[in-house]
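Student: Just a sequence and a predicted model for now, questions to come.
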Amino acid sequence: MESSETLQAHVLSPQAPTQDDIDEYRRFSAEQAAGVGIVTTVWKGRDYAATVSAFLSVSYDPPTLLVSLYAESRIAQAVVGAGKWALTLLSADQRRTADWLASPGTPVEGLLSQIPFRRGPVTDSAVMDGGLAYFELESTSVHEEATHLIVVGRVLSMGTEVLWHPGLSPLVHYAGDYLKIKP
């Protein structure tokens, strides 16, 4: 049944998005709940890591994931340069890790010194302790889109160290905040 009320819309500028367009898009797109993860890689002998909420399972056969990374970021440059990377899906009790690795201006040296992690068996990338699951990947393609790189990767290994229990919850990003799903 069609409503008789008028749909409220924000129509974007036809030439190029204005700052108001960008702000409204950011506000509306934040209404989508998304899991939170950490992308890591080793490039030129250094660890790189960043918090992400834009990742997606692309295919089960063969197992394939993608992640969206800000093109001008250190993590994007490192993932593209290394060609192999890891994604750890965070549990709700890992908010501190998500906050730290999402902070602008984190140091290159000692970036992971305060975070417990292990090395992935295939890529040697950091896998965060306590994550719900991890995936090690090899990039198969990189696509430039607007301000981001869409990096597609074939899964090389995956696993978990966490046993499921009733209080276990993923860390979720919604409306600009990190939240726990209440069972």
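Tutor: Arrived safely. Residues are numbered from 1 along each chain as shown.
Student: Can you list the low-confidence ranges for the chain?
Tutor: Counting by pLDDT under 70, the chain has low-confidence residues at 1-4, 6-7, 183.
Student: Longest helix of it, counting residues only.
Tutor: helix 19-29 (DSSP state H).
Student: So which residues of the protein form helices?
Tutor: Using DSSP H, helices in the chain cover 19-29, 74-82, 95-102.
Student: what residue is smack in the middle of this protein?
Tutor: In the chain, the centroid-proximal residue (C-alpha atoms, centre = their mean) is residue 52; its distance is 2.1 Å.
Student: returning to what we had before: only the buried residues of the longest helix of the chain, if you could.
Tutor: Within helix 19-29, not a single residue qualifies as buried, counting by 16 or more other C-beta atoms under 10 Å. Every residue, glycine included, has its C-beta placed from N, CA and C.
Student: mind checking how far it is from the chain centre?
Tutor: Counting by C-alpha atoms, centre = their mean, to the nearest Å, helix 19-29 is centred 20 Å from the centre of its parent chain.
Student: And the contacts of it?
Tutor: Applying C-beta atoms under 8 Å, 6 or more residues apart in numbering, the external contacts of helix 19-29 come out as 10, 12-13, 17.
Student: What of stretch 100-116?
Tutor: By C-beta under 8 Å, 6+ apart, stretch 100-116 touches 38, 40, 46-51, 74, 97, 126, 128-130.
Student: between the residues you listed, which has the most around it?
Tutor: residue 40 (32 neighbours; other C-beta atoms under 10 Å).
Student: Appreciated, that's everything.
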